[in-house]
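Enquirer: Mind looking at a prediction? Sequence and model below.
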Amino acid sequence: MILVIDFGGQYNQLIARRVRDMHVYCEVVSYEKALEAAKEKKPGGIIFTGGPNSVYEKNAPKIDEKIFDLGIPILGLCYGMQIMAHELGGKVTSANSKEFGKTKTYVENSSKLFEGLKKEEFVWMSHVDYVEEMPKGFKKVASTDNTPNAAMENVERNLYAMQYHPEVNHTENGFKMLENFVYGICKEKPEWTMSNYAKEKINEIKEKVGDGKVLLALSGGVDSSVTAKLLSKALGDKLTCIFVDHGLMRKNEGDQVEAAFKDSGMHFIRVNAEERFLKKLKGITDPEEKRKAIGEEFIRVFEEEGRKIKSVDYLAQGTIYPDIIESGAGNAAVIKSHHNVGGLPEAVDFKEIIEPLRLLFKDEVRELGRELGLADYLVDRQPFPGPGLGIRVIGELTKEKLDILRDADFIFRQELEKSGIEKLPDQYFAVLTNNRSVGVMGDFRTYDYTLALRAVQTTDFMTADWYRIPFELLDKISNRIVNEVGHINRIVYDITSKPPATIEWE
């Protein structure tokens, strides 16, 4: 395995995903736990991430210098390079000329880091500080016009570092550089596959649960659906799934979830709670308040159904790795709250929580779903927020607004998918805004809602570019929605990338 040490950089998850893409297992841990984790897990290699700090700041993240004496290959990236140099006796200073963006870099391709690459590479720089003097025993293996030490190595101690970010797509051969470290220097083998993971997890779950009973809250999303399928294969009728249909799903999705699981050997319970959720949400317009209300009510409904089950030994959740990291595991900043890493149902008595996907990224979860034979329409579902359409209807929620959005969103997705476009957007959906405007239909004046369409291209969902849908197709979609869906008289298309916008509107 490879251990990724998080110094607070925005790309910590992306680095881990790049390593997983090589079919090599890796984990992310806080810099404060780095030495302890390295001793315990004995990884084949360690990667230091970037970070927003200067090594000289009072509260800047530090690293225990003993980690460099373990003999484990280490690759420092950006701040990771600076902290390596600083701790080992080099000199880090603030640059006269900052470097941000794509930068021509001159590399020594005799170095194992750059094996098989050209002598000039374009890499993604993002730094103010730089290594002015390398520590004793290190030699320069890359430079730019403004940064004399853009990469360095100490082969005898198995220590390597780059001032730039090889993990982002803007570094043209960054993946190859990471492969050179993981395969060439760390000698890792590509043995991390979802086929192996499925077999190991099924056996592990069988052994843990024995004759016990497991309860799962099934939301119908990709994560909970794959969790249900995995547990069902391991446990059969020892698994009970409670599907809380909150009335905030897309068109026909509740029925699709039921069709996929009701005859699969588990005990499947569907709770139709639309009316209850809408009552709870009445008068709420703030998106964060909506999220909290939906999450809390989900737990309450699940508790009530759980009480009806006589005995539960284990509670299962579809928690995945980004949930753990984003919810502030270790010392990471909390990016957003996740309902499945926080409140648990208090009224359901259980011994332990089972989270079979907690070490997987989303693309790996989908791959596991296919490996388990889950229906394509569940595995390939468009990314969908936990609160569902609750945050795609702007303002207060009503059944009328939700039904309007369901029908319009269905037409938008249907037309895109049957258009014959070779590469569909990575995410696409409709948003019912709270804006109403004057329109005319036939000889009548209308005063109805504006619908926004959103489609983006992205590789990692951390950044995204708006998708260029052909005008002819937008025209067709607009005509269908206005003619077939009541109370919409204006369609707009969101042409904002992330950043500055987010992908979702709320």
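Expert: Nice, I can see it.

Enquirer: what does the longest strand anywhere in the chain contact?
Expert: For the chain, the longest strand by residue count, based on DSSP state E, is strand 91-107. Around strand 91-107, the neighbours that count as contacts under Cβ atoms under 8 Å, 6 or more residues apart in numbering are 54-56, 82, 85-86, 113-114, 117-133, 141-147, 150-151, 164, 170. C-beta coordinates here come from the backbone N, C-alpha and C atoms, glycine included.

Enquirer: List only buried entries from those.
Expert: Buried residues within those, counting neighbours by 16 or more other Cβ atoms under 10 Å: 55, 82, 85-86, 113-114, 117, 121-127, 129-131, 141-144, 147, 150-151, 164, 170.

Enquirer: same for whatever helix or strand comes next after the longest strand of the chain, what does it pack against?
Expert: Per DSSP states H and E, strand 91-107 leads on to strand 120-133 as the next helix or strand towards the C-terminus. When contacts are defined as 3 or more Cβ pairs under 8 Å, 6 or more residues apart in numbering; DSSP states H and E, strand 120-133 sits against helix 79-87, strand 91-107.

Enquirer: Tell me which of these sits most buried.
Expert: helix 79-87 (a mean of 26; mean count of other Cβ atoms under 10 Å).

Enquirer: mind saving the C-alpha coords of that one as CSV?
Expert: What follows is helix 79-87, C-alpha atoms only, in CSV (Å, rounded to 0.1, in the frame of the first residue of the first chain):
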residue,chain,number,x,y,z
TYR,A,79,4.4,21.9,0.6
GLY,A,80,5.5,18.3,1.0
MET,A,81,8.7,19.1,-0.7
GLN,A,82,9.2,22.2,1.3
ILE,A,83,8.6,20.5,4.7
MET,A,84,11.0,17.7,3.6
ALA,A,85,13.7,20.3,2.8
HIS,A,86,13.0,22.3,6.0
GLU,A,87,13.1,19.3,8.4
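
Enquirer: what about the helices in the chain?
Expert: For the chain, applying DSSP state H gives helices covering 12-21, 34-41, 79-87, 174-179, 194-209, 222-235, 253-261, 274-281, 287-307, 321-326, 362-372, 376-379, 399-417, 471-484.

Enquirer: Nearest approach to residue 444 belongs to which of these?
Expert: helix 471-484 (13.7 Å; Cβ to Cβ).

Enquirer: For that closest one, buried residues please.
Expert: 474, 477-478, 480-482.

Enquirer: Run through the stretch 1-150 of the chain and note the low-pLDDT ranges.
Expert: Of all residues in the stretch 1-150 of the chain, those with pLDDT under 70 make up the ranges 96-99.

Enquirer: sorry, that was for the chain
Expert: 96-99, 325-349, 443, 460-462.

Enquirer: redo that, cut-off 50
Expert: For the chain, the stretches flagged by pLDDT under 50 are 328-343, 347.

Enquirer: Just give the nearest non-adjacent residue to the most centrally placed residue in it, would you?
Expert: The C-alpha lying nearest the average C-alpha coordinate of the chain belongs to residue 322 (Cα atoms, centre = their mean; 5.1 Å). Closest residue to residue 322 apart from its sequence neighbours, by Cβ to Cβ, 6 or more residues apart in numbering: residue 13 at 6.0 Å.

Enquirer: How much space separates the one you found from residue 266?
Expert: Distance of residue 13 to residue 266, computed by Cβ to Cβ, to the nearest Å: 32 Å.

Enquirer: which residues does the nearest residue to residue 474 once chain neighbours are set aside contact?
Expert: What sits nearest to residue 474 in space, not counting adjacent residues and going by Cβ to Cβ, 6+ apart, is residue 493, at 6.2 Å. Counting by Cβ under 8 Å, 6+ apart, residue 493 touches 452-453, 469, 474.

Enquirer: Number of residues surrounding residue 57?
Expert: Applying other Cβ atoms under 10 Å, we find 9 residues neighbouring residue 57.

Enquirer: Next, it: phi, psi?
Expert: Main-chain dihedrals, residue 57, degrees, to the nearest 10: phi -70, psi 150.

Enquirer: again with residue 247
Expert: With angles defined as degrees, to the nearest 10, residue 247 sits at phi 80, psi 10.

Enquirer: And it, how close does it get to residue 280?
Expert: In terms of Cβ to Cβ, residue 247 sits 11 Å off from residue 280.

Enquirer: Comparing these two, which shows the higher neighbour count?
Expert: Set residue 247 next to residue 280 and count neighbours by other Cβ under 10 Å: residue 247 wins out with 21 against 17.

Enquirer: was I right about the more buried one contacting residue 278?
Expert: Yes - counting by Cβ atoms under 8 Å, residue 247 touches residue 278, with 6.6 Å between them.

Enquirer: can I assume residue 374 is in contact with residue 223?
Expert: No - the pair residue 374 / residue 223 is not scored as a contact, 11.6 Å apart, by Cβ under 8 Å.

Enquirer: Just the endpoints, please. Distance across stretch 306-324?
Expert: 25 Å (Cα to Cα, to the nearest Å).

Enquirer: Centre of the chain to it, how far?
Expert: 21 Å (Cα atoms, centre = their mean, to the nearest Å).
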